[in-house]
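Visitor: sequence plus the predicted model coming up.
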Amino acid sequence: MMQAEIKGGPGLSTTWLDNKTFSGRRLTCINLPLTTLYMLANGHYPYSRTINETKTGKKAPVYCLDLIVQNPADLLPAMQKELAKRFDLQAKIKPVIKNIQALRITNPAKFKSIKRNTSGERTYYSRHGEIDQQMITMQEFGQYLEDYGIEKLVVNETGNLEILDINSLSNRKTRKACWMF
């Protein structure tokens, strides 16, 4: 379902990762401009990894969208199809050379001290300077650093696929220790 702006509401999106019923199968967007909807539909690219050539500016109209699919793999294609049906905007992925920050494990002992997730429960909370999450991968942690931390492009070079519990990183001392693997 797609509709116009909800007056007075914030701009946000969620994929319901902490909800067992909808995890990965649902995407809810509230008051987002078309450029952001297309960024999400083409792979959840952050603003730092996109080139917006629409010249819509700050006054771009915003939309609300709620999609639910049977299979998580169908979510982004369904969103792309929904957008193509309603709007005449072309989005494409093209490689561009940029400077990056590499996420690496330089202190294996310190990295091993991070708790591994065994509960299978996923929680999620992040905003500028804070993250509290169970079931985070290094790929997701790199994305958090890019979006809210150093605000530079981050490439995960750890090769680590473990699921970690990173809690209470709003504490500066804890956050500093965990960021310096």
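Guide: That came in fine, so what should we check first? Numbering: from 1, shown residues only.
Visitor: isn't Ile51 right up against Val96?
Guide: Yes: taking CB atoms under 8 Å as the definition, Ile51 is a contact partner of Val96 at 7.4 Å. No exception for glycine: its C-beta is placed from N, CA and C like everyone else's.
Visitor: how about the helices of the protein, start to end?
Guide: 34-41, 75-86, 108-112, 138-144, 172-179 (DSSP state H).
Visitor: find the centremost residue of the protein, please.
Guide: His44 (6.1 Å; CA atoms, centre = their mean).
Visitor: OK, contacts around it?
Guide: His44 makes no contacts at all, as judged by CB atoms under 8 Å, 6 or more residues apart in numbering.
Visitor: then the one 3 residues further on?
Guide: Contacts for Tyr47 were tallied using CB under 8 Å, 6+ apart; they are Met39.
Visitor: same question for Ala78.
Guide: Taking CB under 8 Å, 6+ apart, one finds 67, 69 in contact with Ala78.
Visitor: which residue sits closest to Asp147, ignoring its sequence neighbours?
Guide: Pro46 (5.3 Å; CB to CB, 6 or more residues apart in numbering).
Visitor: what count of nearby residues applies to Leu32?
Guide: 20 (other CB atoms under 10 Å).
Visitor: likewise Glu5?
Guide: For Glu5, using other CB under 10 Å, the count is 14.
Visitor: wait, it sits on Pro61?
Guide: Yes: using CB under 8 Å, Glu5 is in contact with Pro61, at 7.1 Å.
Visitor: before we move on, back to that, any chance of JSON lines for the helices of the chain, columns distance to Lys55 and mean pLDDT?
Guide: Listed next are these as JSON lines, based on distance: least, CB to CB, whole Å; pLDDT from 0 to 100:
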{"stretch": "helix 34-41", "distance to Lys55": "10", "mean pLDDT": "89"}
{"stretch": "helix 75-86", "distance to Lys55": "19", "mean pLDDT": "93"}
{"stretch": "helix 108-112", "distance to Lys55": "44", "mean pLDDT": "91"}
{"stretch": "helix 138-144", "distance to Lys55": "27", "mean pLDDT": "85"}
{"stretch": "helix 172-179", "distance to Lys55": "37", "mean pLDDT": "46"}
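Visitor: any stretches of the chain with poor pLDDT?
Guide: 57, 124-132, 149, 151, 167-181 (pLDDT under 70).
Visitor: domain parsing for it?
Guide: Structurally, the chain divides into domains by automatic domain parsing as follows: 2-86, 101-179.
Visitor: between the ones you listed, which one is closest to Lys92.
Guide: Closest approach to Lys92 among those (CB to CB): domain 2-86, 8.1 Å.
Visitor: and the end-to-end length of the closest one?
Guide: Its start and end residues considered, domain 2-86 measures 9 Å (CA to CA, to the nearest Å).
Visitor: got it, and stretch 20-28?
Guide: End-to-end for stretch 20-28, by CA to CA: 15 Å.
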